[in-house]
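Visitor: The amino acid sequence is not available; the structure is as follows:
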């Protein structure tokens, strides 16, 4: 068993926290595909308007008085309910695909194939320099674990996890 | 700090064996000594101005995702090679270059089914679900478990998150695991290590171009100066670490980066990270109080006069205040699934 690498790791779990708030009237963002805006705060509620998708902004009106897993939101002039687990306080941010290039919006980045990017040639070059067996092994392990994440952390598996936790997608 | 480092480099160069100033000094001619010292000082000032002019724009340029993922991979290689092996089984091919060739041919690189690999799959699903609530939901998030007896977790740019087997053994339910992963996702989302990479790249750009300018203009040319100068051209135009094939150059950057990564994040960075981690935990529907319980179970860390990190007690108090205050309308989740089955393979590991 090797010592965990220095203070890089030691720093990781240490942190601070502070106060912030989402206020009624603030935007929240849809974090899944095909989220229904419901007339009532229940899963069997009638859908209103078109389905909402990842990154769509909604105006938060507050949790339902009876079932706090549902929150009231407004979008496109319509008011309704969605499961809280379908909401995020974070808007998907634009990403700069390549240094020096302009940013692309989150939707374009999502469909760019970046999510399946494997360990880069730089990582392999660095690992194999000097025939160091421990860095070579680490690089191989990273490639395996990247591919394992892609194979097992599928959208279907993630949606099932989200449903298990909060009922959302 | 930058000026001090440059001054140190300059002095090292100036007093290298065989340099003109040393020759002047040994001549015993005070006029010659002063003239040579003035010449070298002027060269140093010019070199500094040249290097800063070339390299300072780098500090304003955001690092693109390709480069971010590249440096994340390099950092991952370094951290994992120094810390142990990933908790995986059935790795048929040990050569990363061959594995990448396989992927380039659109062929799969897979691990066999089994409880050990299922553990990583489980951590990945928990982590990837959390990441969907972040502002960077579509990174190639990669979650891994490393065999190591230190209770800890770390992240690297581009979406790499690693937890130790020792940490998993301390965790009693999935909400606690999610708290740890959420915190690490926060570091990646806020690009804390990536900013340190940009600083490392800038420092090495200055060093290389300062040295190159000195040599080019007849300044002292020691082996150390020449060693720095050989990388100067790498900084002309865009530094594209994503496609870098010169391991020496990657190491040149890494030498400074590792030092920066080993320094703790400042309190403001940690504040951001905990904020993000708690948000992810809460919106995913977990019982967020479980993360506070987990931190308490680790005992006191940090704090004290001059400490860059707050104490565990302060952290827990602030997390609790946020959960019961500003986030009370959202922190209603009660999920804390059992981890016993997923973590069963840990029983046989160190």
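Guide: Ah, there it is. Source: prediction; values computed, not measured.
Visitor: from here on, contacts and neighbour counts on C-alpha atoms
Guide: OK.
Visitor: Packing partners of the helix or strand where residue A:122 lies?
Guide: Per DSSP states H and E, residue A:122 falls inside helix A:121-128. Judged by 3 or more Cα pairs under 8 Å, 6 or more residues apart in numbering or on different chains; DSSP states H and E, helix A:121-128 is in contact with helix A:133-152, helix B:65-83, helix B:247-262.
Visitor: tell me the angle that helix makes with helix B:65-83.
Guide: If you take axes from the mean of the first three to the mean of the last three Cα atoms, to 10 degrees, helix A:121-128 sits at 20 degrees to helix B:65-83.
Visitor: circling back: distance to residue A:165, mean neighbour count and mean pLDDT added to the helices and strands packed on helix A:121-128, as JSON lines?
Guide: As requested, these are exported to JSON lines (distance: least, Cα to Cα, whole Å; neighbours: other Cα atoms under 10 Å in any protein chain shown; pLDDT from 0 to 100):
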{"stretch": "helix A:133-152", "distance to residue A:165": "18", "mean neighbour count": "24", "mean pLDDT": "96"}
{"stretch": "helix B:65-83", "distance to residue A:165": "30", "mean neighbour count": "25", "mean pLDDT": "94"}
{"stretch": "helix B:247-262", "distance to residue A:165": "34", "mean neighbour count": "18", "mean pLDDT": "91"}
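Visitor: out of those, which comes closest to residue B:35?
Guide: Residue B:35 lies closest, by Cα to Cα, to one member of the helices and strands packed on helix A:121-128: helix B:247-262, at 34.5 Å.
Visitor: Is any residue of the closest one near chain A?
Guide: Yes: contact of helix B:247-262 with chain A (Cα under 8 Å from any Cα of the partner chain) involves B:247, B:250-251, B:261-262.
Visitor: can you list those in a markdown table and add distance to residue A:68?
Guide: Below are those laid out as a markdown table (distance: Cα to Cα, whole Å):
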| residue | distance to residue A:68 |
| --- | --- |
| B:247 | 54 |
| B:250 | 51 |
| B:251 | 52 |
| B:261 | 41 |
| B:262 | 43 |
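Visitor: Of all the residues in stretch B:199-208, which ones are buried?
Guide: By 16 or more other Cα atoms under 10 Å in any protein chain shown, the buried positions in stretch B:199-208 come out as B:199-208.
Visitor: typed the wrong thing, it's stretch A:74-81
Guide: A:74-75, A:79-81.
Visitor: From the chain's centroid, how far away is it?
Guide: 23 Å (Cα atoms, centre = their mean, to the nearest Å).
Visitor: what's the answer for stretch A:66-84, then?
Guide: Stretch A:66-84 sits 20 Å away from the centroid of its parent chain (Cα atoms, centre = their mean).
Visitor: where in chain A is pLDDT low?
Guide: For chain A, the stretches with pLDDT under 70 are A:1-20, A:167-169.
Visitor: Just name the closest of the buried residues of stretch A:74-81 to chain B, please.
Guide: Among the buried residues of stretch A:74-81, residue A:81 lies closest to chain B (Cα to the nearest Cα), at 14.3 Å.
Visitor: Find the nearest non-adjacent residue to that closest one, please.
Guide: Excluding the flanking residues, the one nearest residue A:81 by Cα to Cα, 6 or more residues apart in numbering or on different chains is residue A:72, at 4.4 Å.
Visitor: now residue A:23
Guide: Nearest to residue A:23 is residue A:60, by Cα to Cα, 6+ apart, at 7.7 Å.
Visitor: wait, what's in contact with that neighbour?
Guide: Contact analysis of residue A:60 by Cα atoms under 8 Å, 6 or more residues apart in numbering or on different chains lists A:23-28, A:71-74.
Visitor: For the residue most central in space within chain A, what are phi and psi?
Guide: Note on chain A: the residue nearest the mean C-alpha position is residue A:31, at 7.1 Å, using Cα atoms, centre = their mean. Dihedral angles of residue A:31 (phi, psi; degrees, to the nearest 10) stand at phi -110, psi 10.
Visitor: For the residue lying closest to it once chain neighbours are set aside, grab the count of nearby residues.
Guide: Closest residue to residue A:31 apart from its sequence neighbours, by Cα to Cα, 6+ apart: residue A:54 at 4.7 Å. Neighbours of residue A:54 under the rule other Cα atoms under 10 Å in any protein chain shown: 21.
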